[in-house]
Structures are given as C-alpha cells and as structure tokens.
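Enquirer: 3D model of this:
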Amino acid sequence: MAGGTIPRLGKWFWNDDLWLPPNMTWEDVVGRGDGAKHARCEDLYYGVLLAILLLVIRYTLEKTAFRPLGVWLGIKDRGANHRRPQEDHVFMNTFTANRRTMTQEQARLLATELHVTERCVQLWVHHRNTQEKKLARFAETAWRFLFYAHIFCYGLYVLWDKPWLWDTMHCWYDFPNHPVADGIWWYYMIQLGFYTSCTASHFVSTKRRDFWTMFAHHVVTITLLCLSWSCNLHRVGSLVLIVHDFADVPLEVARMARYVDRQRVADATFFLFTISWLVSRLGLYPYRVVYSAVFEAVTIVGMSSAYHVFCSLLLALQFMHVVWTWMIIQAAMQAIRDRGIKTLGSDDESSEDEDLTNPREAYQTGDNKEREAKTEKVD
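Expert: Residues are numbered from 1 along each chain as shown. Below is the predicted model:
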C-alpha cells in the first residue's frame, strides 16, 4: 500500500496543471528531442554539491587569506600598546585554555600573578573578544565581496547578448520552450549553491540586526531559484539575480572599510551603495522585473498555479527591500549627524568600547594605582 501511495503523491505533486501553462504537459517540456539543453529538476542537485564546495572555499579563504588581511589592515587590540609583552603571553595562554572565556575567579588569580588590576584582565578579555568578532565579520564580508563581485561580472557576461536583458517581453515569448545556454546553467547553479551555503552557515555566522529578515531572504531566494528553474522561468529568474547582485558589491566594500577604520572609503562606498540600491531594488526590480512577471506575462501566455506562487515570492522580496531601505535611510541620517557612517543598514555593532574606561588608564598596574591613590591623599 505504501508502495502505491508514494507514486500517487509524486503524480499529484508534478501535476501538469500545477506547474505548466494550459494545454502544456511535461512531455512537451522535457521530451522535445531538439538536441538543446533544457532546465531539468534533477539539475538542482548540483546546487547542493556547489554549496558544499563553496563552504569549503569560504572557510579556507577566511582562515588563510581574509583574517590575515584584516590584521594587516589594522584590526587589532587597541589596548595592546599599553601592556607588557609578558602580560599578553600569559593572558593568551589562559584565554585559549579556557575556550576564549574567563571566570571572575580566574581573572582575580591572574591579576594577582601579574600584579595588575582585575579590571585590566577583564578589559583584556573584552578587547580580545572584540578583535576576534571584528576579524570574523571582516572575513565574512570579504568572502561576500569576492563572490558578489565575481558573480555580478559573470552574470553580465552571460546575459549581455541575451534579448531578455534588454526587453523583458522576451522572458515570455515561446514560453516554456526556452533552452538553457551553458553560461545561464552555471550562473543559476552557482547562485543556488551560494544561497544554500549561506543558509546552511547562517546560524553559526556573526549575528546582525536583520538576522531573521536575512534568513527569510535566503529561504525565499532558494525557493525562487528552484521554482523558476523547475517551471522554465529561468529567464526572468536570471534578471532577478543580476539586479540583486548589483548593489551588494559597494555594500561589502563599505563594511570592510569600516571594520578597518577607513572612514572616508566607508563613506564614499556607502554613498555608492545607497544610489545603486535605490536604482536596483526600488527601481529596476519592481518596475522592470516584477512588473514584467505580474503584468506582461499574462498578456502572452496562460500561467499555472506555480506562476502565482512565483509572483508572490517576488513581491515578498520587494517587501524585504522596503524594510532594508528604511534601515539604510536611518544609517544615512545618522551618518549626516555623526559626519561619518557608523552602521551599515543591517549592522548592529556599536562602538564596542564605549562603556569602558580609557585603555591607558585601565591597563595601569596595581602598584601604579596605589601610588596614584597615595599621591592624591597627600595633595
């Protein structure tokens, strides 16, 4: 009985009326025998394999290239200049042995051993964790910049001679009989692999203010990619991808610049990002891509139930764009007030050391503190 249930469920799920336009069957889509390559649902498995490969590449580059680059560009413990070298060595050994944490009792014993204040030990732990957090964010941002820059250039390369890039009506002419060029196939599978890898690593990456919004964005994007590929909507799907990659490149540059305290570079690239975001996410995407899918398509072909789901996902993405636009406007207004960008839309890092005393003062040894106290009494 179970053996008959699964095939019936599969037949119901892949019903022609659910996925394809009226008067079309799956035989019409996959059984043409014209020798051209067409989108197949089995292709989506390659996205999983590419996701694994991209995760390996990402963590290899973060460890061997991006984190050292961050240190070289100046991400370091700002209190290091006020400590003796032997203090750092003892601090680091204890810190590493306790898995990057330190209890109050351990801090007290270490302070006694090194003849420093307990506050000195606590501040060292804080600065070390701050450095690790900034390096992790910098490395993640550098990876995203590397990917977005390359995939955007590759997307332009494979789409430049495609008629639907310039006239969206070509997304629907002769639908769904749309063969897939090799470049489009790789463009889709690499993007699917990337967003799958982002979703898989989302809960172990550094958290930002838009944590759940970004997670929802990844899920919606993956669903869009899989659905559009399965329904031969890859032409309009490729436009969604290229429009989204456009603004991400300057955003990641601005983030990296802020992490390494290059304020002028951060301000300039944030300005470029804001312009590109408004043009792509609030201009090209809704008025070219979404409009074409919602209004132009129905004038040429009859659509299936899956098409309506696809359009709903496109509108869900646009809603997220509006939410992020509000964050960007807030960041821009704060930049005007503070004369420099401090947060970048989804970033929630404040100045980590605002609530702490001056490092030079905090790193004074216990003997110095006592000597200063005696001097104050004499005065």
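
Enquirer: buried stuff in stretch 163-179?
Expert: 164, 165, 168, 170, 171, 172, 175, 176, 178 (16 or more other Cβ atoms under 10 Å). C-beta: built from backbone N, CA, C; applies to glycine.

Enquirer: I figured the last one was touching residue 237, is that so?
Expert: No. Applying Cβ atoms under 8 Å as the test, residue 178 and residue 237 come out as separate, 10.9 Å apart.

Enquirer: if we can go back for a sec, quick one: which of the buried residues of stretch 163-179 is nearest residue 37?
Expert: Residue 37 lies nearest to residue 178 out of the buried residues of stretch 163-179, by Cβ to Cβ, at 10.6 Å.

Enquirer: quick check: phi and psi on the closest residue to that closest one other than its chain neighbours?
Expert: Spatial nearest neighbour of residue 178, chain neighbours left out: residue 232 (5.5 Å); criterion: Cβ to Cβ, 6 or more residues apart in numbering. Dihedral pair for residue 232: phi 60, psi 30, per degrees, to the nearest 10.

Enquirer: how much space between residue 232 and residue 41?
Expert: Applying Cβ to Cβ, to the nearest Å, the value for residue 232 to residue 41 is 11 Å.

Enquirer: who has more neighbours out of the two?
Expert: With neighbours defined as other Cβ atoms under 10 Å, residue 232 and residue 41 compare such that residue 232 has more, 23 against 14.

Enquirer: distance check, the more buried one against residue 251.
Expert: Taking Cβ to Cβ as the criterion, residue 232 is separated from residue 251 by 32 Å.

Enquirer: ok, now residue 46?
Expert: Separation of residue 46 from residue 251 (Cβ to Cβ): 28 Å.

Enquirer: what does residue 214 give?
Expert: Note on residue 214: its distance to residue 251, by Cβ to Cβ, is 13 Å.

Enquirer: show me which helix or strand of the chain is least confident by mean pLDDT.
Expert: Least confident helix or strand of the chain, by mean pLDDT, DSSP states H and E, is helix 359-362 with a mean of 39.

Enquirer: what sits against the residue nearest to residue 178?
Expert: By Cβ atoms under 8 Å, 6 or more residues apart in numbering, the residues touching residue 232 are 29, 38, 39, 175, 176, 177, 178.

Enquirer: try 6 Å this time
Expert: Contacts for residue 232 (Cβ atoms under 6 Å, 6 or more residues apart in numbering) come out as 39, 176, 178.

Enquirer: separation between it and residue 214?
Expert: In this view, residue 232 and residue 214 are 29 Å apart by Cβ to Cβ.

Enquirer: again, but for residue 322
Expert: Using Cβ to Cβ, residue 322 is found at 15 Å from residue 214.

Enquirer: tell me which of the two has more neighbours.
Expert: Per other Cβ under 10 Å, whichever of residue 322 and residue 214 has more neighbours is residue 214, with 19 against 11.

Enquirer: if we can go back for a sec, could you measure from the residue nearest to residue 178 over to residue 208?
Expert: Where residue 208 is concerned, residue 232 sits at a distance of 36 Å (Cβ to Cβ).

Enquirer: circling back to that earlier point, more crowded one of residue 46 and residue 251?
Expert: Comparing residue 46 with residue 251 by other Cβ under 10 Å, the one with more neighbours is residue 251, at 24 against 16.

Enquirer: I figured the more buried one hits residue 273, correct?
Expert: Yes. The pair residue 251 and residue 273 qualifies as a contact (Cβ atoms under 6 Å) at a distance of 4.5 Å.

Enquirer: doesn't residue 261 belong to a helix?
Expert: No. Using DSSP: H, G, I helix; E, B strand; the rest coil, the assignment for residue 261 is coil, not a helix.

Enquirer: any idea how far the nearest residue to it once chain neighbours are set aside is from residue 65?
Expert: Closest residue to residue 261 apart from its sequence neighbours, by Cβ to Cβ, 6+ apart: residue 74 at 6.2 Å. For residue 74, the distance to residue 65 (Cβ to Cβ) stands at 16 Å.
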